[in-house]
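1. just to be clear, the model below is a prediction. Sequence and coordinates:
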Protein chains: 2
Amino acid sequence: MCASPPECAGQILETVPLVMLAIRTEMRSHRGSDLSVPQFRVLVYLNRYKGASLSDIAEHMGLTLPSMSKMIDGLVARRLVTRRMAPGDRRRVTLAPTALGKTAMQSAYKATESRLAERLAALPESERRIIFKAMQVLESIFVSGREAKTAIGK
Amino acid sequence: MCASPPECAGQILETVPLVMLAIRTEMRSHRGSDLSVPQFRVLVYLNRYKGASLSDIAEHMGLTLPSMSKMIDGLVARRLVTRRMAPGDRRRVTLAPTALGKTAMQSAYKATESRLAERLAALPESERRIIFKAMQVLESIFVSGREAKTAIGK
DNA sequence: TATTGTTATACTCTATAACTATA
DNA sequence: TATAGTTATAGAGTATAACAATA
């Protein structure tokens, strides 16, 4: 009953795609604000970090600039995000969620959270605490980009 | 410091996509057996459940039959999977990994596992145990399809 | 008629390469 | 010359709708 790094990695490799599938399914099946997980994550980020540039969000998401640019195209076309020239540096772009984007994000968040919560409610509190703690630890070692810098700055 | 179902769900929603990104990046950057995460999961499943049909694997992956059919097309084209008519029911299809498919899967698994293990090695054993346990619990509540039936059969 | 799978079509996600505009 | 972003192109992942073959 040990948990060596490789054993732990193997268990993560088995479980995380399963949970990810559930998240994707819930998020996409939510009629009214049908967002993909990447779209949702972009909106959350832009809501948290005002005035983010394309490079900022691309780094956060772990995507290339062209991929990110195209994703933003879609969000702009759906009126969920605005894209403006940055004051002071005309190469840069300033991204922000619209009011519609914020409500879509919140709606998707609540719906997905509550679906996941239903499953978690079947567990004893002790096991939920283990999951909660595990997620915090995982976040700390898998985080990248702006959050990491922000955390250092705290 | 409680962990209500919604709080726990929120933390999962924040962390799991991050870990998934790391897994995808490691898996895809592994030259020699460049597999996507879905492709990898299909190979693992077919290796575990001999003689699986398209419906079996589609249910396991949480995908529609057309999506699965197309994914298998790609794996067959790359000589990683064989697709034969099932004996006894000519509508069904019997899928199996080729020798090449098995080595690609094992190679991708080892490479990804060891990259994740590197990150996990930075943690104290106690935290790895929490992660390990959390993954087991999550797997139990997010599992679906054939594994669930198998587990019941145990 | 119900089940298993494929084909047609379309949209999102993602990448690399080549390009434009600004600094 | 270096940086920020876009356009062009391509392939994988996913879905729905329509279809074919078998049971």
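-> In hand now; what should we look at?
2. does residue A:55 touch residue A:61 like I think?
-> No - counting by CB atoms under 8 Å, residue A:55 sits too far from residue A:61 to count as a contact (11.0 Å). To be clear about C-beta, it is placed using only N, CA and C from the backbone, and glycine gets the same treatment.
3. where does the prediction get shaky in chain A?
-> Low-confidence segments of chain A (pLDDT under 70): A:1, A:145-154.
4. quick one: the strands in it, in order.
-> Per DSSP state E, chain A carries strands over the ranges A:81-85, A:93-97.
5. which one of those lies nearest to residue A:65?
-> Residue A:65 lies closest to strand A:93-97 among the strands of chain A, at 10.6 Å (CB to CB).
6. for the strands of chain A, which one ends up most surrounded?
-> Comparing these by mean neighbour count (mean count of other CB atoms under 10 Å in any protein chain shown), strand A:93-97 ranks first with a mean of 19.
7. so which elements touch that strand?
-> With contacts taken as 3 or more CB pairs under 8 Å, 6 or more residues apart in numbering or on different chains; DSSP states H and E, strand A:93-97 sits against helix A:37-48, helix A:54-61, strand A:81-85.
8. show me what the shortest one is packed up against.
-> Contact analysis of strand A:81-85 by 3+ CB pairs under 8 Å, 6+ apart lists helix A:37-48, helix A:65-77, strand A:93-97 as its packing neighbours.
9. with distance to residue A:129 added, can I get the ones you listed in CSV?
-> Shown next, in CSV, are those (distance: least, CB to CB, whole Å):
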stretch, distance to residue A:129
helix A:37-48, 24
helix A:65-77, 35
strand A:93-97, 33
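10. switch these over to JSON lines; also include distance to DNA strand C.
-> Formatted as JSON lines, the helices and strands packed on strand A:81-85 follow (distance: least, CB to the nearest atom of the strand, whole Å):
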{"stretch": "helix A:37-48", "distance to DNA strand C": "4"}
{"stretch": "helix A:65-77", "distance to DNA strand C": "3"}
{"stretch": "strand A:93-97", "distance to DNA strand C": "11"}
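11. which stretch among those comes nearest residue A:116?
-> Of the helices and strands packed on strand A:81-85, nearest to residue A:116 by CB to CB is helix A:37-48, at 12.8 Å.
12. what does that closest one contact?
-> Here helix A:37-48 makes contact (CB atoms under 8 Å, 6 or more residues apart in numbering or on different chains) with A:20, A:23-24, A:27, A:35, A:52, A:57, A:60-61, A:71-72, A:74-75, A:80-81, A:95-97, A:101-102, A:104-105, A:108-109, B:17.
13. neighbour count: residue A:55 and residue A:61, which is higher?
-> Neighbours were counted for residue A:55 and for residue A:61 using other CB atoms under 10 Å in any protein chain shown; residue A:61 has more, 19 against 13.
14. TSV for the strands of chain A, including distance to residue A:8?
-> Listed next are the strands of chain A as TSV, based on distance: least, CB to CB, whole Å:
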stretch	distance to residue A:8
strand A:81-85	37
strand A:93-97	36
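15. so does the longest helix anywhere in chain A get close to DNA strand C?
-> In chain A, assigned by DSSP state H, the helix with the most residues is helix A:5-29. No - applying CB under 7 Å from any atom of the strand, one finds helix A:5-29 separated from DNA strand C by no less than 9.2 Å.
16. report all helices and strands that that helix contacts.
-> Counting by 3+ CB pairs under 8 Å, 6+ apart, helix A:5-29 packs on helix A:37-48, helix A:99-120, helix B:5-29, helix B:99-120, helix B:125-142.
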